[in-house]
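what follows is a predicted structure for the sequence shown.
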Protein chains: 2
Amino acid sequence: MKITSRFTIAIHSMLCIAYYSEEYKVTSTFIASSVNVNPVIIRRILGKLKKANLIHIKSGSGGSTLAKPTNSISLLDIFHAVTSIDEGLFNFHTNPCQACPIGQNIHRVLDDTLHEFTLLLEQYLSQIMLSQLEDKLHQSIANYT
Amino acid sequence: MKITSRFTIAIHSMLCIAYYSEEYKVTSTFIASSVNVNPVIIRRILGKLKKANLIHIKSGSGGSTLAKPTNSISLLDIFHAVTSIDEGLFNFHTNPCQACPIGQNIHRVLDDTLHEFTLLLEQYLSQIMLSQLEDKLHQSIANYT
DNA sequence: CTAGATGTAACAAGAATAGTTACAACTAAA
DNA sequence: TTTAGTTGTAACTATTCTTGTTACATCTAG
């Protein structure tokens, strides 16, 4: 059980755009060299971020910009943009035996708890704004260079 | 990103053992028919639960029993028994570019937040005891049969 | 017109999950 | 002591997801 690196790459990409896009044209190749992966990986992720209305991409001439200020983009927005947990976070065994009292009731026993768990995780991510990471980035740059 | 069904199957299995093991011999085949999967799947999961000291298994003659009272077994215990998040919950892109201020600092920016996320997840699961699910199970059986 | 981008398709390799059959080893009971 | 029923595990398959690659049609600013 691993959360795809698309998530951290997406955050990295958003920070790149936030940091550079006023001065430079931030292309997929540019981000790719900062993240250090193939540009196509970045394009696929940027495509998802665009679909989620988090960034604008200039087609043809190239370059991405943020669609909103960083204090109104949460990690949950980014998470949802690049991962799909539509049908729930948990793989649940299908067809438990209905003749057994446990098989019959396992969903009633677990569904609430697992759903609450999912909500908690989403709530945490929704409270962290890109602007906070931006601040940390500026601090780190100031302290470690 | 899905959490393996081993987790819900493990919970189901633990509830089976809790519910039946005083009266009956709870074998992998028995649990398998309640969960409705191949007995080998169950044996593999029971093996992990045993390694985590959550159950005892009688080899040869067969049958499993809980190693502790249900109010001292948490969902986190079960979760850790059947999934491995040893090297972190997140796949992080390796080798970000050190020449770029963002690539250079991305770990300083993200590590704390992602670690806190993991802790939150573990904390939630650690607070839910098998006994609570047992209670829910008894309630469900009383109400829906 | 063209150089440099984007958006995608197509493909491949690798890992994890989920499932199966088969079988050696163990143990309780007939 | 044999035997029936279990456990533990190996070996294999299929499927899905992730990550990565090359290739190329399409777009656009200069």
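Cool, the structure landed.

does any part of whatever helix or strand A:Gln139 lives in sit near chain B?
Per DSSP states H and E: A:Gln139 is located in helix A:130-143. Yes - counting by Cβ under 8 Å from any Cβ of the partner chain, chain B is contacted by helix A:130-143 at A:Leu133, A:Lys136, A:Leu137, A:Ser140, A:Ile141. Backbone N, C-alpha and C define where each C-beta goes, glycine included.

need phi/psi at A:Leu107.
Just so we're on the same page, residue A:107 is His rather than Leu. When read as degrees, to the nearest 10, the backbone of A:His107 gives phi -70, psi -40.

give me the pLDDT value at it.
A:His107 carries a pLDDT value of 97.

could you check how far it is from DNA strand C?
Distance of A:His107 to DNA strand C, computed by Cβ to the nearest atom of the strand, to the nearest Å: 16 Å.

show me the contacts for that residue.
With contacts defined as Cβ atoms under 8 Å, 6 or more residues apart in numbering or on different chains, A:His107 is in contact with A:Phe92, A:Pro96.

10 Å instead?
A:Phe92, A:Pro96, A:Leu114, B:Thr8, B:Ser140 (Cβ atoms under 10 Å, 6 or more residues apart in numbering or on different chains).

let me have those in JSON lines, adding secondary structure and neighbour count as columns.
Output for the contacts of A:His107, formatted as JSON lines (DSSP: H, G, I helix; E, B strand; the rest coil; neighbours: other Cβ atoms under 10 Å in any protein chain shown):
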{"residue": "A:Phe92", "secondary structure": "coil", "neighbour count": "19"}
{"residue": "A:Pro96", "secondary structure": "coil", "neighbour count": "21"}
{"residue": "A:Leu114", "secondary structure": "helix", "neighbour count": "19"}
{"residue": "B:Thr8", "secondary structure": "helix", "neighbour count": "22"}
{"residue": "B:Ser140", "secondary structure": "helix", "neighbour count": "18"}
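
is DNA strand C contacted by stretch A:21-33?
Yes - residues of stretch A:21-33 are located near DNA strand C by Cβ under 7 Å from any atom of the strand, namely A:Lys25, A:Thr27, A:Ser28, A:Thr29.

need these in a markdown table (columns: neighbour count and pLDDT).
Putting those into a markdown table (neighbours: other Cβ atoms under 10 Å in any protein chain shown; pLDDT from 0 to 100) gives the following:
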| residue | neighbour count | pLDDT |
| --- | --- | --- |
| A:Lys25 | 13 | 96 |
| A:Thr27 | 19 | 98 |
| A:Ser28 | 22 | 98 |
| A:Thr29 | 12 | 97 |
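
nearest to B:Ile17 among those?
Nearest to B:Ile17 among the residues of stretch A:21-33 next to DNA strand C, counting by Cβ to Cβ, is A:Ser28 at 52.8 Å.

now that that closest one has come up, it's in contact with A:Arg43, right?
Yes - taking contacts as Cβ atoms under 10 Å, A:Ser28 lies within contact range of A:Arg43: 4.6 Å.

can you work out which residues contact both of those two?
Common neighbours of A:Ser28 and A:Arg43 (criterion: Cβ under 10 Å, 6+ apart): A:Ile57.

hmm, A:Ile128 and A:Asn71 touching each other?
No - using Cβ under 10 Å, A:Asn71 is not in contact with A:Ile128; the gap is 11.1 Å.

contacting residues around the residue in chain A positioned nearest to DNA strand C?
Residue of chain A nearest DNA strand C, by Cβ to the nearest atom of the strand: A:Gly62 (2.4 Å). Applying Cβ under 10 Å, 6+ apart to A:Gly62 gives the contacts A:Lys25, A:Val26, A:Thr27, A:Ser28, A:Thr29, A:Phe30.

now the second one, what's its secondary structure?
Under the three-state scheme (DSSP: H, G, I helix; E, B strand; the rest coil), the conformation of A:Val26 reads as coil.

distance of it relative to A:Leu130?
The gap separating A:Val26 from A:Leu130 is 15 Å, by Cβ to Cβ, to the nearest Å.
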